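1. Sequence and predicted model, in that order:
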Amino acid sequence: MKARRALALPGGGLRMSEGQRAPIMELRGISKRFGAVQALSDVNFEVYTGEVVGLVGDNGAGKSTLIKTISGVYQPDSGEYFFEGRRVSVTSPRDATALGIETVYQDLALCDNLDVVANLYLGREKAASGLGVLDEVAMEQTAKRVIGELGIPIPSVRSQIGTMSGGQRQGVAVTRAVMWTARVVLLDEPTAALGVTQTRQVKDLIVRLRERGLGVVVISHNLADVFDVSDRIIVLRLGRRVATFDTHAANPEQVVGAITGAVFGSAGGNGPVAMA
Ligand SMILES: Nc1ncnc2c1ncn2[C@@H]1O[C@H](COP(=O)(O)OP(=O)(O)O)[C@@H](O)[C@H]1O
Ligand SMILES: [Mg+2]
């Protein structure tokens, strides 16, 4: 999958659009402690529209804590949150959703006994109210259109979720997250439980999200997947952002080095600027 979006790094420079455009979402100086554990220490994080950021790090590095902070599940002990350049207050998942920040967790939270259409509209009664009384025909048409646009390979929008493969379920969960007003989507280990073909489908989907102009953040243990789909790679280690890579200019050894702490190379840490 080489359809990596050229984010125009002039002169082969590695600087990520800085000065040309602002991140759609940016967190600055985020710290979060759980009892004796400093899960995040002064972490900056940013994502641009039409960009896929791979968020990587060893177990316990703070990836999930950062995602949950972004999505309003956790409140940081300190730090600032900006959306479209404005300082915002995100004190609940509802606040994040209102901004257009959607998170797909590993459990996917789908209802096995319901079909695709019902799952897409679950908990979205308000968003669907433009359709008048929940109009089954309109709901099904919208579901078909979005599923088709995103290329989710399912037999029918009337198939029950419980009959589907892991890749199809992931596709439906992502579709539900982005079909309303999403601007940024956070995916926590979207390919962890998937085989080769399904992983490919999910990676294709991630590329399509980027093409639609979303900012996409993907947590993954699989560096090959991260290299396939991301534009930048941000490395957390022991709660700190220790490195940032421009994916096309990096190699897996460098990223592994940053993850394990074996390499203290040129990879810049806590900023929106890639390695110099
Ligand atoms: N709810 C929690 N209560 C206590 N400690 C936590 C909690 N969540 C995470 N931690 C700790 O914070 C650190 C970062 O965890 P986490 O964000 O889950 O890392 P990752 O997702 O990168 O594996 C770990 O040491 C973990 O044990
Ligand atoms: Mg985690």
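-> Alright, I've got the coordinates. Numbering: from 1, shown residues only. Ligands and ions are numbered 1, 2, ... in the order given.
2. The nearest residue to residue 261 once chain neighbours are set aside pairs with what?
-> Using C-beta to C-beta, 6 or more residues apart in numbering and skipping residues adjacent in sequence, the residue nearest residue 261 is residue 237, 5.8 Å away. For the C-beta atoms, the positions are set from N, CA and C on the backbone; glycine is no exception. Beta-bridge partners for residue 237, by DSSP bridges, are residue 240.
3. Please spell out the segments of this protein that come in under the pLDDT threshold.
-> Counting by pLDDT under 70, the chain contains low-confidence ranges at 1-20, 125-134, 263-276.
4. and the residue of it nearest ligand 2?
-> In the chain, the residue found nearest to ligand 2 is residue 64; the distance is 3.1 Å by C-beta to the ion.
5. For that residue, which non-adjacent residue is spatially closest?
-> residue 188 (6.6 Å).
6. swap in residue 111?
-> residue 119 (5.8 Å).
7. Show me what the host helix or strand of that neighbour is packed up against.
-> Following DSSP states H and E, the helix or strand that holds residue 119 is helix 116-121. If contacts are counted by 3 or more C-beta pairs under 8 Å, 6 or more residues apart in numbering; DSSP states H and E, helix 116-121 sits against helix 136-150, helix 166-178.
8. Buried deepest among those, which one?
-> Counting by mean count of other C-beta atoms under 10 Å, helix 166-178 has the highest mean neighbour count of the helices and strands packed on helix 116-121, with a mean of 23.
9. ok now it, how far from the chain's centre?
-> Computed by C-alpha atoms, centre = their mean, to the nearest Å, the separation of helix 166-178 from the middle of its chain amounts to 13 Å.
10. In PDB, list the C-alpha atoms belonging to that helix.
-> What follows is helix 166-178, C-alpha atoms only, in PDB (Å, rounded to 0.1, in the frame of the first residue of the first chain):
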ATOM      1  CA  GLY A 166     -13.400  -9.700  12.600                       C
ATOM      2  CA  GLY A 167     -12.500  -7.500   9.700                       C
ATOM      3  CA  GLN A 168     -16.100  -6.900   8.800                       C
ATOM      4  CA  ARG A 169     -16.900  -6.000  12.300                       C
ATOM      5  CA  GLN A 170     -14.000  -3.600  12.500                       C
ATOM      6  CA  GLY A 171     -15.300  -2.100   9.300                       C
ATOM      7  CA  VAL A 172     -18.800  -1.600  10.700                       C
ATOM      8  CA  ALA A 173     -17.400  -0.100  13.900                       C
ATOM      9  CA  VAL A 174     -15.300   2.400  12.000                       C
ATOM     10  CA  THR A 175     -18.200   3.200   9.700                       C
ATOM     11  CA  ARG A 176     -20.400   3.900  12.700                       C
ATOM     12  CA  ALA A 177     -17.700   6.200  14.200                       C
ATOM     13  CA  VAL A 178     -17.100   8.200  11.000                       C
END
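11. hmm, who's touching it?
-> Residues lying outside helix 166-178 but in contact with it, judged by C-beta atoms under 8 Å, 6 or more residues apart in numbering, are 102-104, 108-110, 116, 119-120, 122, 124, 146-147, 150, 152-154, 161, 164, 185, 187, 190-191, 193-195, 197-199, 201-202, 205, 209, 212, 214.
12. need the next SSE after it, C-terminal direction.
-> Past helix 166-178, further along toward the C-terminus, the next helix or strand under DSSP H and E is strand 184-188.
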